[in-house]
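Novice: Got a predicted model here, sequence first, then my questions.
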Amino acid sequence: MKTESPLSVIQANGKANGYDPGLSKEELLHCYRTMLLVRAFDDTALKLQRSGRIGFSIPNKGIEATQVGAASALKKTDWLFPSYRDFGMALYHGVRAADMMNNMFGNAADSARGRQMPVHFSFTDPIHFFSISSPIGTHLPQAVGAAHAFKLRGESHVALVSFGDGGTSSLGFHSGMNFAAVWKSPVVFLCQNNGYAISCPIEEQTASDGFAIKAQAYGMPGVVVDGNDLLAVRKATMEAVERARKGGGPTLIEAKTFRMGGHSTSDDPSRYVPKELVAEWEKKDPVQRFEKFLQAKGIWTEKVRAELEASCKEEITAAVREAEATGQPPLETIFSDVYAELPPHLRRQGTEAFELARRKGDAAAGDGAFPL
Amino acid sequence: MKTESPLSVIQANGKANGYDPGLSKEELLHCYRTMLLVRAFDDTALKLQRSGRIGFSIPNKGIEATQVGAASALKKTDWLFPSYRDFGMALYHGVRAADMMNNMFGNAADSARGRQMPVHFSFTDPIHFFSISSPIGTHLPQAVGAAHAFKLRGESHVALVSFGDGGTSSLGFHSGMNFAAVWKSPVVFLCQNNGYAISCPIEEQTASDGFAIKAQAYGMPGVVVDGNDLLAVRKATMEAVERARKGGGPTLIEAKTFRMGGHSTSDDPSRYVPKELVAEWEKKDPVQRFEKFLQAKGIWTEKVRAELEASCKEEITAAVREAEATGQPPLETIFSDVYAELPPHLRRQGTEAFELARRKGDAAAGDGAFPL
Amino acid sequence: MPTLTLVQAVNDALKTAMRRDKSVLVFGEDVGPKGGVFLATEGLTTEFGKERCFDTPLSEDGIVGAAIGMAINGLRPVAEIQFQDFIFPAFDQIVSEAAKLRYRSGGQYTAPMVIRTPYGGGIRGGLYHSQSGEAYFCHTPGLKVVVPSTPHDAKGLLLASIEDPDPVLFLEPKALYRSIKEEVPEGHYTVDLGTLRGVREGKDCVVFCYGAMVPVAVKAAEQAAELGHEVRVVDLRTLLPLDEEGVLEHAKQVGRVVVLHEAPRFCGFGAEISAMIAENAIEYMDAPVVRVTGFDTPFPNTLEHHYLPDARRVLDAIERVMAY
Amino acid sequence: MPTLTLVQAVNDALKTAMRRDKSVLVFGEDVGPKGGVFLATEGLTTEFGKERCFDTPLSEDGIVGAAIGMAINGLRPVAEIQFQDFIFPAFDQIVSEAAKLRYRSGGQYTAPMVIRTPYGGGIRGGLYHSQSGEAYFCHTPGLKVVVPSTPHDAKGLLLASIEDPDPVLFLEPKALYRSIKEEVPEGHYTVDLGTLRGVREGKDCVVFCYGAMVPVAVKAAEQAAELGHEVRVVDLRTLLPLDEEGVLEHAKQVGRVVVLHEAPRFCGFGAEISAMIAENAIEYMDAPVVRVTGFDTPFPNTLEHHYLPDARRVLDAIERVMAY
Ligand SMILES: Cc1ncc(C[n+]2csc(CCOP(=O)(O)OP(=O)(O)O)c2C)c(N)n1
Ligand SMILES: Cc1ncc(C[n+]2csc(CCOP(=O)(O)OP(=O)(O)O)c2C)c(N)n1
Ligand SMILES: [Mg+2]
Ligand SMILES: [Mg+2]
């Protein structure tokens, strides 16, 4: 069976092919600005990394429409189970760029207390943006569990879990998809097919015809959307979310998009991504695509872009200023939050560490860069 | 997508619906006798377990046609990666019932040296019947690795890996199917859908429409066969095996059958299997089904059955006699085969154990029954 | 007070917890209508409905992963892993996720949940129905690891585990499931995690043990008494976090120590106890610690009685520390 | 002799093995054209073709499971796990399968294979790119566990591991990948598994260590020399099977021992060393063993330099054992 061609909404002329996203002008501009904000964040993070002020970042370029389109289908009472490449989902829902930047710097104000690598965000407010972990795929069954709790309590909230093409090979994909379908959990699986898992192209990941088809193995609907078309992603996600809210169970959405940068700031994609492929996707830029739509609606000009870009830049600059002005987490954060209460052996280890620092001076920090 | 109705060959009248299995009379009778031998083995194992002479067994009743039909599609140079419910595959290929019985008794002649529970067979001769392990699903990626070795060396051998409906939820199913499809490995995945994973019916296992459809998630062909129809299983397996030999990659076969007994000798299926379901499948007995075919061919009578049953019984009785006459594995088998060479710490632990036995007497054996 | 076996006490604890708190859920393979392969969950689906006690697909990764998701969202999941030997597909979810979630999210997300699983040898289960993997989990900060050895403790510790704010691995010594009975209080009570249980008095030597080795230690101590040695037996019952002070206190009081467990010796839990005592109480010790453990091999079947430490081996160790 | 970094020595070992034996295959995530995230497999696909060095789907379970299948069928797989932190999805395949296969089949099926993986801290990798899980694997009979700390050893031990008849987990200390260079012989040579390496002479005290902690120990020993203590440093390099006799010999010779590793302390590898010495060489000891280890917490990021043992902490431990 061949997968159908991806759902797309925004036409070459900018018209939204008979689909009304149901968004006000302000809301549309919020979507747009969020994409620009992601770009500004990305650019700044890259510079910070290159100059050694932070250790690591993850580029989002090319994927912004998927992130924002999907996020726009959720309410604040829904829960997000993001991957590390989902900056736009947090920003869309009003997570402060400064709070994300605190994580990039791993400072005392970071909600993860500087314990995780950069881009491993965790928020509970203004939306539950679940603590990102590095192991691929583990958050899929977790999202199912959280969604199951909604269902058991009779709440109509939904969990959206986002992961990459590589993530579909993980164990969590198999168990998460299977449990969700058997339990009819209110969860939306968003597979961001961006062409590569680090350096491995999708042909090395699966022999199936795309990823949406994998839904059939679990008995749930699977849809493919053009991931560079914000409205298409929004539409598909909305449908999946509504079905889930009404007790119709889970959906797998494959958003076809492309990672326009390296896997991370430590990666050199020119080693493995053919130039022509990049050039091809360059033409499908998701921000420009959405601009065409806004323009056709009469709410976009170059000036609008320039103004919004400036305000995004300012927001990110302020975020960096705030984050950089905040000190490192205190030594005790090594020992806290292992358990709800500090057990005696950790109290002793902590005391010994303080005591040693007093007698022999502090440990010397390294250069702070994640070298890969 | 609805799965098509299962492939079946043997009609109600015993005719093989336009399919010629390409088997001589002797070969057909060998298939038949193997099914009877499995039944004889089963009956004896149950009695041995009930009387406390062995600790545990796994009933095969109802699944014999799947086991034998699939095994009949393999050559001796192919490799089998069996589950614990595949007695017929070993017997078909000429593994001595006595060697299997040695395993049931865990005696000194057991190829596993009494280290595994009963029914965890391991053979390399007359066919590679890979060492059975208890964790479900682990042998799927292993079969793929072994098949990949055939492919790399340019050999046209095939690996057949067998597992249950429950096994499809395991991690090994996902990684094994995926790797095989991406690598185009010469491996045949045989899912024996016998209705239950211990007490869990298939609706609790998956929301998909059967199991063959899961092949689509991996980009490989999936077929459903009537698992109680030996020739249908043979036909589907043959096709899959031939495709694999020719470089056409893997296939998933779902054999629809039914476990007519408990999960094991420790299980009481009346707690969870509806009586009507058992009655329904009683009518589809795989041995009777094949008898009809043999009868239509003119090579079956009640007398043939009686003779073969008697010879099977004799074979199994002799096997028990041989196995029971063989002593326990020696103490040193606890320490050997951990590594190719005995490392110093194991030599020391072994010596201490011998020394203690000398000074304080042997450890006392328990009652020997696996109580669940 | 009813007289219960250990597995009945587990069942009683589950019912007690589910009656008190409707956010408590029980799930796993075959825990529903069948009541679990050891009948630990018998009757739960009948009493609480299949929304609160239910079977899952055959995936330990899914079971534990879903439990984490439920726990972060207000439920109190009690997941069963059918045998501890089959917990390894969930190792990533336990070690990378449940154990580290509070830490990595600065306490924003936490996983108060229990994973119950039968463990240990003695039932002729061979390699894959007999293992004792406690050391793997005790080396994992963020987890708690509990092992009861009596019906009373099984109920009280399980209730405490279900109410605990952190993820708890609850290892049930299956060899003891039906071999002992005792009076168990009705209704709700807890036994605090992180506390030891003095099993038997003695001033000459102490045996530290847990799970199915506790009755083995007691038997050996009784035999030692005939030889004139007064042997104390201490049940560790919470392995992580361990009452280290308590362990050292016992060691200091008697000066001679045997450490006993079923699991292989190398890098086993006993190594930590032995090291801890040698490092912190050496001045009080009259003899080096002796470990009695399973061998550094996989778990055999026919010869499991040779593999499992028995009173014979423990007594020999007691004699050795006494003779030092 | 060329001068190589540790990661170059690994690369050289792989090339050497693949040139000598065409049944040697290398695979894992991103090991093909990209050459691995640390470039350990750089150039292999070019030289040996993508049949012998190739990328796999993102499944550690699949990688190790397939490796086992290849190994039983005559190949010599060398599988890469991108970071040791991501080995846990393969835990079941390693612990239940590779480690137990020879035993459970009475030697009919065996899994001569190597799993290479970068491990340990020091690169600002936080919780999930820094862990040292050796204790999990060392508690697993049937496995071998090897940790090199120099380019020379990395090559010789890796070649020995590839030729070994048993499954070997080869832990590469990523903090040392590029921090040291030394002359490494061209072509084939092996360093025997199960042997210690004396790194530095000394008669007052011995530090047992491995991996990235070896240079830390050496630095502390140099600082201790200024205080008048002659500190011996011993690199354990094969953790399982360990040269226990050698360890005891060193301990007996000097009477004072520090055990050093990055992994958490509780039930860590150091517990085994400490226990082993206290149990078997107590008469020779002038002071209790002191362990210097990571804390019993997950691995932090910003403060990783506080978490990782440094020369400061090791020196403090040396001073403590010397002052006892
Ligand atoms: C279990 C596990 N294995 C390996 C890794 C290393 N790793 C990090 S990201 C990545 C690729 C993920 O690709 P994909 O899922 O497509 O997401 P993308 O980065 O493209 O968004 C890998 C292999 C990991 N984090 N977890
Ligand atoms: C990883 C793992 N989890 C749980 C078990 C316990 N267990 C043994 S058999 C079984 C059910 C298997 O069902 P299925 O795959 O349908 O095979 P069948 O017994 O029906 O042939 C379970 C849950 C196991 N052996 N391995
Ligand atoms: Mg990707
Ligand atoms: Mg079944």
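Specialist: The structure has been received and is ready for your questions. Ligands and ions are numbered 1, 2, ... in the order given.
Novice: Can you spell out the domain ranges of chain A, please?
Specialist: Following the assignment in automatic domain parsing, chain A carries domains at A:25-325, A:333-365.
Novice: From the chain's centre, how far out is the first one? Work that out for me.
Specialist: In this case it means domain A:25-325. Centroid separation between domain A:25-325 and its chain, computed with CA atoms, centre = their mean, to the nearest Å, is 3 Å.
Novice: That one near chain C at all?
Specialist: Yes: using CB under 8 Å from any CB of the partner chain, domain A:25-325 comes into contact with chain C via A:79, A:110-113, A:115-116, A:120, A:122-124, A:130-131, A:133, A:135, A:138, A:140-150, A:152-153, A:159, A:171-172, A:174-176, A:178-179, A:182. To be clear about C-beta, it is placed using only N, CA and C from the backbone, and glycine gets the same treatment.
Novice: likewise the last one?
Specialist: Yes: judged by CB under 8 Å from any CB, domain A:333-365 and chain C are in contact via A:Asp337, A:Val338, A:Tyr339, A:Ala340, A:Pro343, A:Pro344, A:His345.
Novice: Please compute how far that domain lies from its chain's middle.
Specialist: When C-alpha coordinates are averaged (CA atoms, centre = their mean), domain A:333-365 and its chain have centres 34 Å apart.
Novice: Which parts of it count as buried, going by neighbours?
Specialist: A:333-339, A:342-343, A:345-346, A:349-350, A:353, A:356, A:363 (16 or more other CB atoms under 10 Å in any protein chain shown).
Novice: just those residues now: which is nearest A:Ser83?
Specialist: Within the buried residues of domain A:333-365, distances to A:Ser83 taken as CB to CB reach their minimum at A:Asp337, with 23.1 Å.
Novice: Checking that closest one next. Helix, strand or coil?
Specialist: Using DSSP: H, G, I helix; E, B strand; the rest coil, the structure places A:Asp337 in coil.
Novice: on that earlier part again, which stretch in the domains of chain A is the model least sure about?
Specialist: Out of these, the stretch the model trusts least by mean pLDDT is domain A:333-365, with a mean of 92.
Novice: Helices along chain C, start to end?
Specialist: Listed in chain order, the helices of chain C (DSSP state H) span residues C:6-20, C:44-48, C:60-72, C:91-92, C:101-104, C:134-138, C:151-163, C:213-226, C:244-254, C:269-280, C:304-307, C:311-323.
Novice: Who are the contact partners of the residue nearest to C:Val314 when sequence neighbours are not counted?
Specialist: Counting by CB to CB, 6 or more residues apart in numbering or on different chains, C:Val314 lies nearest to C:Ala220, which is 3.6 Å off, once chain neighbours are set aside. Counting by CB atoms under 8 Å, 6 or more residues apart in numbering or on different chains, C:Ala220 makes contact with C:Val207, C:Val231, C:Ala311, C:Arg312, C:Val314, C:Leu315, C:Ile318.
Novice: hmm, try it at 7 Å
Specialist: Contacts for C:Ala220 were tallied using CB atoms under 7 Å, 6 or more residues apart in numbering or on different chains; they are C:Ala311, C:Val314, C:Leu315, C:Ile318.
Novice: Could you report the distance from the third one to ligand 1?
Specialist: Distance, C:Leu315 to ligand 1, by CB to the nearest ligand atom, to the nearest Å: 47 Å.
Novice: where does A:Lys60 land in three-state SS?
Specialist: Small correction: residue A:60 is Asn, not Lys. Here A:Asn60 is recorded as coil under three-state DSSP.
Novice: cool, and A:His263?
Specialist: Counting by three-state DSSP, the three-state call for A:His263 is coil.
Novice: surely it meets A:Ile198?
Specialist: Yes: because the distance of 4.5 Å satisfies CB atoms under 7 Å, A:His263 is recorded as touching A:Ile198.
Novice: which parts of stretch C:209-223 are buried?
Specialist: C:209-221, C:223.
Novice: Equivalent analysis for stretch A:201-218, please.
Specialist: When neighbours are counted by 16+ other CB under 10 Å, the buried residues of stretch A:201-218 are found to be A:201-202, A:204-208, A:210-218.
Novice: Of the residues you listed, which belong to strands?
Specialist: Using DSSP state E, the members of these that fall in strands are A:Pro201.
Novice: ok, which of the buried residues of stretch A:201-218 also contact chain B?
Specialist: Taking CB under 7 Å from any CB of the partner chain as the test, chain B is in contact with A:Glu204, A:Thr206, A:Ala207, A:Ser208, A:Ile213, A:Lys214, A:Gln216, A:Ala217, A:Tyr218 out of the buried residues of stretch A:201-218.
Novice: got the residues you listed as TSV, with distance to D:Arg200 columns?
Specialist: Formatted as TSV, the entries for these read as follows, by distance: CB to CB, whole Å:
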residue	distance to D:Arg200
A:Glu204	46
A:Thr206	51
A:Ala207	54
A:Ser208	56
A:Ile213	60
A:Lys214	56
A:Gln216	62
A:Ala217	58
A:Tyr218	58
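Novice: per-residue pLDDT, A:Pro370?
Specialist: Just to correct that, residue A:370 is Phe rather than Pro. What the model reports as pLDDT for A:Phe370 is 61.
Novice: Where do the domain boundaries of chain C fall?
Specialist: Following automatic domain parsing, one finds the domains of chain C at C:3-183, C:197-323.
Novice: Can you tell me which of these is most buried?
Specialist: Among the domains of chain C, the stretch with the highest mean neighbour count (mean count of other CB atoms under 10 Å in any protein chain shown) is domain C:3-183, at a mean of 24.
Novice: anything in it near ligand 1?
Specialist: No: Domain C:3-183 lies apart from ligand 1 when judged by CB under 6 Å from any ligand atom; the minimum separation is 7.4 Å.
Novice: One more: stretch A:268-287?
Specialist: No: interface with ligand 1: stretch A:268-287 contributes nothing (CB under 6 Å from any ligand atom), its closest point being 11.0 Å away.
Novice: For that stretch, measure first residue to last.
Specialist: Start-to-end span of stretch A:268-287 (CA to CA, to the nearest Å) is 24 Å.
Novice: Just the buried residues of that stretch, please?
Specialist: Applying a neighbour-count criterion of 16+ other CB under 10 Å, the buried positions in stretch A:268-287 are A:Pro269, A:Tyr272, A:Val273, A:Val278, A:Trp281, A:Lys284, A:Asp285, A:Pro286, A:Val287.
Novice: tell me what the host helix or strand of the fifth one is packed against?
Specialist: Element membership of A:Trp281 [criterion: DSSP states H and E] is helix A:275-282. Contacts of helix A:275-282 with other secondary structure elements, assessed using 3 or more CB pairs under 7 Å, 6 or more residues apart in numbering or on different chains; DSSP states H and E, are absent: no helix or strand is involved.
Novice: Tell me the helix or strand right after it.
Specialist: Counting by DSSP H and E, what follows helix A:275-282 is helix A:286-296.
Novice: Pretty sure C:Val191 sits against C:Leu157.
Specialist: Yes: under the criterion of CB under 7 Å, C:Val191 makes contact with C:Leu157 at 4.8 Å.
Novice: For C:Pro173, name its beta-bridge partners.
Specialist: Beta-bridge partners recorded for C:Pro173 (DSSP bridges): C:Tyr119.
Novice: can you pull the contacts of the residue lying closest to A:Pro329 once chain neighbours are set aside?
Specialist: Closest residue to A:Pro329 apart from its sequence neighbours, by CB to CB, 6+ apart: A:Gly114 at 4.2 Å. By CB under 7 Å, 6+ apart, the contact list for A:Gly114 reads A:Gly106, A:Asn107, A:Gln328, A:Pro329, A:Thr333, D:Pro300, D:Asn301, D:Thr302, D:Leu303.
Novice: Next: A:Gly361.
Specialist: So A:Gly361 contacts nothing (CB under 7 Å, 6+ apart).
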